[in-house]
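> here is the input, now give the coordinates:
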Amino acid sequence: MTQKPDHPMTLDPPHPSAHPVRSRGITRRSMLKGAGGAAALAAVGAGASVAGAAPAQAAGLSVVEHQDGGRMQFYRFSTPSISSNPAVNVLLPDGYDTSRRYPVLFLLHGGGENYSTFDTKYDIRNHTAGRDLIVVMPDGGAAGWYCDPESSNVGPRNWETFHIKELLPWVDATFATTGQASRRAISGFSMGGFGALKYAAKHPELFGSVSSHSGPADLRIQEGAVVHWANFTAGATDLKGGTIYGIPWDQARVSADNPVEHVESYRGKRVFLVSGTESDRYESVVLPSQQSFEKALDGAGIGYERYEDTGAHIVRWGRMQQDIDSLLNHFAKGA
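Take a look at the predicted model:
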């Protein structure tokens, strides 16, 4: 079935040929593999405050700037985890009502992008209009790879710590979320697609749905092409000669972050995967990495949806829209 964006996007082909590779049903069981962690977050979320009021603070995290843009709330933070002040956009649903509780999507940008890209470039407001969903779009560094790096020459750049230990509890404490993993999703494009898979694997108690749009799923594919890619791009930009995984590699660090080595973490979750089939320098790595991940999921009997679409390394808004609506339907069925 061909899936098109709701409006023309310069990065999306006008007539994508969409090929569903596999769709395996997820068995109906609890999404929570770590009830203790989810319960703690739920307790934090129970005290959610209205956006625009004095936000609750997570340990070590403080708001240094806030702009109230109606549906779009902008925040800049001071945190010991990041030596610069990272920014976050939080997109609220139409008619946001603090007496209700909403599911949350953490949406992670790609390399060379930032917290604003899904708004300024990909029209996230239109694609979530009329949908009861809070979308959190954080900075992740131009080449931060959603990691706490092995080394940095510009001060702390611990993106994983910031997102997981600081930002996520802050979101639940500040907005009308459910605070439940079974209604919390994570998704991303390219580097952000890897980040989504990585976070869901390393912190399975926090997310009930994970999606990767042209994100690599096997760090060791093609003799470690993704590890080399992460080290080079981060060292050349964000870390000024530092590295994500070390040189030589810290093999334990690579394995800890590698989605394909942690397939059991995805059991019971909604898993949604998309890759392009054009052999550009990105999809030529992403595609076989997702195929490797698919094989591992099949071997473990874990359900997922995966699509291979014609075209290059781009955001396919038809698939992104499908993903957003599908995760909301999934959450509604599990409510």
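
> Phe175 is in contact with Ile134, isn't it?
Yes - counting by Cβ atoms under 8 Å, Ile134 is a contact partner of Phe175 at 5.8 Å. In this view, the C-beta of every residue, glycine as well, is placed from N, C-alpha and C.

> tell me what the host helix or strand of Lys198 is packed against?
Lys198 belongs to helix 191-202 when assigned by DSSP states H and E. Applying 3 or more Cβ pairs under 8 Å, 6 or more residues apart in numbering; DSSP states H and E, one finds that helix 191-202 makes contact with strand 104-108, strand 184-189, strand 209-213, helix 251-257.

> now render those as JSON lines, adding mean pLDDT, mean neighbour count and distance to Asp68.
Putting these into JSON lines (pLDDT from 0 to 100; neighbours: other Cβ atoms under 10 Å; distance: least, Cβ to Cβ, whole Å) gives the following:
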{"stretch": "strand 104-108", "mean pLDDT": "98", "mean neighbour count": "28", "distance to Asp68": "19"}
{"stretch": "strand 184-189", "mean pLDDT": "98", "mean neighbour count": "28", "distance to Asp68": "24"}
{"stretch": "strand 209-213", "mean pLDDT": "98", "mean neighbour count": "29", "distance to Asp68": "29"}
{"stretch": "helix 251-257", "mean pLDDT": "98", "mean neighbour count": "16", "distance to Asp68": "36"}
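
> helices of this structure, start to end?
35-45, 117-120, 124-127, 159-160, 168-174, 191-202, 221-236, 251-257, 283-300, 317-334 (DSSP state H).

> turn the helices and strands packed on helix 191-202 into a markdown table, including distance to Ala234.
Formatted as a markdown table, those follow (distance: least, Cβ to Cβ, whole Å):
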| stretch | distance to Ala234 |
| --- | --- |
| strand 104-108 | 16 |
| strand 184-189 | 17 |
| strand 209-213 | 19 |
| helix 251-257 | 13 |
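
> for this structure, what helix or strand is lowest in average pLDDT?
Here the helix or strand of the chain ranked lowest by mean pLDDT, DSSP states H and E is helix 35-45, holding a mean of 31.

> low pLDDT regions in the stretch 1-150 of the chain?
1-59 (pLDDT under 70).

> please, where are all the strands along it?
Taking DSSP state E, counting those that start in this stretch to define them, one finds strands in the stretch 1-150 of the chain at 18-24, 62-69, 72-78, 87-91, 104-108, 134-138.

> I'd say Phe194 and Ser212 touch.
Yes - using Cβ under 8 Å, Phe194 makes contact with Ser212 at a distance of 7.0 Å.

> give me the common contacts of those two.
Gly188 (Cβ atoms under 8 Å, 6 or more residues apart in numbering).

> run the chain-centre distance for the helix holding Lys198.
Put simply, helix 191-202 sits 6 Å off its chain's centre (Cα atoms, centre = their mean, to the nearest Å).

> quick one: contacts of it?
The contact list for helix 191-202 (Cβ under 8 Å, 6+ apart) reads 106-111, 113, 140, 143-147, 160, 163-164, 186-188, 206-207, 210-217, 226, 256-257, 259, 262, 265-266, 269, 293.

> can you point out the buried residues in that helix?
Going by neighbour count (16 or more other Cβ atoms under 10 Å), the buried part of helix 191-202 is 191-201.

> go on, stretch 114-127?
Quick answer for stretch 114-127 (16+ other Cβ under 10 Å): 114-119, 122-124, 127.
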